[in-house]
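Undergrad: sequence-free structure coming up:
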C-alpha cells in the first residue's frame, strides 16, 4: 500500500533532521563518499550522495515545509528517503552507538543524522 502524500511529507520532515546547509557541508566531506552503493553510471557517486543533493534542493525550495510547496517529483523522492531511513533505522541499532559506522554515514547522506536523536 502506497502512503498518501500528507503522510510522506510528515515522515520526511520528521526523519530528515539535517538542515540544507548541514547536509551540504556533510556531502563535501570525504566520509560521505565512502558509504553506500555506487550508481551504475560510472560516475563514482553513491546513490545516497545523489539523494542528499536532491534533499538539499527540496529543503531549499520549500524552507517553510508548506505541504502545497512540493511537486510530484519532490514527493516521489521524499517517499524514497522515508523508506530508506525507516528501513535502516529499524535494522541497525549500531548507527546510534557508532556514528562513524558506514550505516550512520549512509543515513547522513539521506538527510538523517543518528547522533541528533
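TA: The structure has been received and is ready for your questions. The model shown is predicted, which means the values in this text are computed figures rather than measured ones.

Undergrad: the helices in the chain, which residues?
TA: With DSSP state H as the criterion, the chain has helices at 5-15, 20-28, 30-33, 47-61, 72-91, 94-97, 102-109.

Undergrad: pLDDT below threshold where in this structure?
TA: Along the chain, segments meeting pLDDT under 70 span 1, 34-45, 92-96, 117.

Undergrad: Which stretch among the helices of the chain is buried most, on average?
TA: Mean neighbour count, computed with mean count of other Cβ atoms under 10 Å, is highest for helix 102-109 among these, reaching a mean of 23. (Each C-beta comes from the backbone N, C-alpha and C, glycine too.)

Undergrad: now the angle between helix 72-91 and that one, please.
TA: Here helix 102-109 runs at an angle of 160 degrees relative to helix 72-91 (axes from the mean of the first three to the mean of the last three Cα atoms, to 10 degrees).

Undergrad: Could you shift the numbering so residue one becomes 33, and keep it that way?
TA: All set: I'll call the first residue 33, so the last point we hit is now helix 134-141.

Undergrad: Give me the contacts around stretch 99-114.
TA: By Cβ atoms under 8 Å, 6 or more residues apart in numbering, the residues outside stretch 99-114 that reach it are 34-35, 37-38, 40-41, 43-44, 47-48, 83, 86-87, 90, 93-94, 142-143.

Undergrad: How far off centre is that stretch?
TA: Relative to its parent chain, stretch 99-114 has a centroid offset of 12 Å by Cα atoms, centre = their mean, to the nearest Å.

Undergrad: Can I get the helices of the chain in CSV including distance to residue 147?
TA: Shown next, in CSV, are the helices of the chain (distance: least, Cβ to Cβ, whole Å):
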stretch, distance to residue 147
helix 37-47, 14
helix 52-60, 11
helix 62-65, 13
helix 79-93, 16
helix 104-123, 13
helix 126-129, 8
helix 134-141, 8
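
Undergrad: Next, count neighbours for the nearest residue to residue 38 once chain neighbours are set aside.
TA: Counting by Cβ to Cβ, 6 or more residues apart in numbering, residue 38 lies nearest to residue 99, which is 6.6 Å off, once chain neighbours are set aside. A count of nearby residues for residue 99, using other Cβ atoms under 10 Å, gives 13.

Undergrad: separation between residue 99 and residue 55?
TA: Counting by Cβ to Cβ, to the nearest Å, the gap from residue 99 to residue 55 is 21 Å.
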